[in-house]
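Asker: how does the following fold in three dimensions:
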Amino acid sequence: MSQSSLRSPWLDATKGAACLAIVAHHLSVYGPLSDTVRPFAPQLMAWLYDYARMAVQIFLVVGGYLAAASLAPAGVARFEAAGVQIARRFMRLAVPYAAALLTAVAAAALVRPWLDDPSVPDSPHFAQLLANALMLQDVLGQPALSAGVWYVAIDFQLYAGAVLLLALARRLSGGAAQWAAFAGKVLVVALCAASLLVFNRFAALDAWGIYFFGSYGLGMATLWAVRSSHPGRWLLALALLGGLALAVDFRLRILLALGTAAWLAWLALRAPSTRPSRAKALAAPLIWVGQRSYSVFLVHFPVCLMVNALFAYAWPGEPLVHAIGLLSAFGLSIAAGWLLYERVERHGATAWQALRWEAQLMGGSLLVALTHGHLAG
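Answerer: Modelled structure (predicted):
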């Protein structure tokens with residue numbers, strides 16, 4: 001299977017659909033516009049609130065799939081130093097992350113005087129800023145500076161955990177590639193099973209990657225399945241594991257994760273010539289969003305805050321106008337994500353850039369708080 005097939009347009013379209021679902025979910029949760037519109041579209045708003053958020057499972061499975069493709073496509077770690085690999089991941093995540101959080105702090109300060117709503121974050125304090133900058137806010141019990149950033153922290157934990165497992169497998173094998181591949185796959189699948197059967201059943205663990213490793217591990221194992229000489233056996237084993245997890249404790253989110261893994265396997269095992277070009281053309285908008293999904297995910301909350309503030313202040317209690325506001329926030333979130341992608345994310349990250357953006361997040365956020373006279377103690 002070629003590397004290009006791993007990053008197929010359909011995979012990007014899948015990420016794009018999940019990204020848009022998350023944005024729509026947050027629009028249904030945060031701000032007064034959704035409160036005004038909800039009585040006129042109760043079923044839609046309830047569905048977005050209850051089910052659209054589960055799209056995070058798609059990101060978890062796809063994230064594991066791509067991590068395996070990058071770190072160990074045959075099960076053997078192809079990176080040299082685990083610490084260096086983890087640091088590279090942090091830098092890649094941190095640069096657009098810090099830029100988006102600085103935007104969120106500024107947006108909250110701008111709307112706070114004229115939008116009295118629980119969705120507006122309080123002015124940050126130093127410990128909160130530091131915890132968010134290091135992606136440790138939930139672990140340390142500090143409030144997040146923006147909606148959805150918990151997932152970035154979890155993604156980093158999951159990636160770091162996968163790197164450490166694969167590095168451990170390589171060390172245990174004594175350098176023998178065949179044994180390293182076997183040990184790596186066994187360790188990942190074992191932790192995946194432990195998460196699905198035990199850890200994911202305890203919501204108190206949701207600040208830790210172990211809670212989500214079941215879905216992430218399904219993605220990693222799916223990559224190894226479609227690259228193996230006997231993909232059917234692998235996929236049957238994963239289906240049995242998933243079925244057992246659902247029998248022990250049925251969770252709709254795990255069912256969605258299994259469905260996503262099956263979808264990725266189907267995409268990878270299909271012959272490229274059977275993929276219709278017309279379908280690709282129809283999916284082009286989702287493919288485009290999927291390629292920019294991280295930036296859209298990062299920056300949509302401050303955009304939604306500002307649009308909510310503008311429409312609620314200028315046209316209070318107007319259902320039709322507020323519905324237009326929600327649609328505007330949806331479209332502007334995509335536009336802001338494109339801008340963040342073009343200006344920041346697509347240019348990559350170095351250690352110096354990551355340090356500079358983290359310093360700008362800390363210093364800029366404190367300056368915003370001081371300027372607006374709301375620096376928390």
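Asker: what's around G325, how many residues?
Answerer: For G325, the neighbour count with other C-beta atoms under 10 Å is 27. C-beta here means a position set from N, CA and C on the backbone, and glycine is covered the same way.
Asker: next one: it from A237, what distance?
Answerer: Here the criterion is C-beta to C-beta, to the nearest Å. By it, G325 lies 48 Å from A237.
Asker: go on, A283?
Answerer: 31 Å.
Asker: tell me which of those two has more neighbours.
Answerer: For A283 versus A237, the count of surrounding residues by other C-beta under 10 Å is larger for A283: 18 against 13.
Asker: now do the contacts for the residue nearest to the more buried one when sequence neighbours are not counted.
Answerer: Closest residue to A283 apart from its sequence neighbours, by C-beta to C-beta, 6 or more residues apart in numbering: A13 at 4.4 Å. When contacts are counted by C-beta atoms under 8 Å, 6 or more residues apart in numbering, A13 touches 283, 286-287, 290.
Asker: so which of those wins on neighbours?
Answerer: The most crowded member of the contacts of A13 is G290, carrying 24 neighbours; neighbours defined as other C-beta under 10 Å.
Asker: let me see the mean pLDDT of the host helix or strand of that one.
Answerer: Using DSSP states H and E, the element containing G290 is helix 284-291. Per-residue pLDDT over helix 284-291 has a mean of 96.
Asker: ditto for stretch 341-353
Answerer: 91.
Asker: tell me the buried residues in it?
Answerer: Neighbour counts over stretch 341-353 (16 or more other C-beta atoms under 10 Å) mark 341, 344-345, 349, 353 as buried.
Asker: same list, the residues you listed, but as CSV with secondary structure and distance to G243 please.
Answerer: Output for those, formatted as CSV (DSSP: H, G, I helix; E, B strand; the rest coil; distance: C-beta to C-beta, whole Å):
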residue, secondary structure, distance to G243
Y341, helix, 39
V344, coil, 42
E345, helix, 38
A349, coil, 40
Q353, helix, 45
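Asker: max pairwise distance over those: which two?
Answerer: For the buried residues of stretch 341-353, with distances taken as C-beta to C-beta, the pair at the greatest spread is Y341 and Q353 (15.3 Å).
Asker: and the pLDDT for V368?
Answerer: As predicted, V368 sits at a pLDDT of 85.
Asker: any idea how far W47 is from the closest residue to it other than its chain neighbours?
Answerer: Computed as C-beta to C-beta, 6+ apart, the closest residue to V368 that is not its neighbour in sequence is A109, at 4.9 Å. Between A109 and W47 the distance, using C-beta to C-beta, works out to 33 Å.
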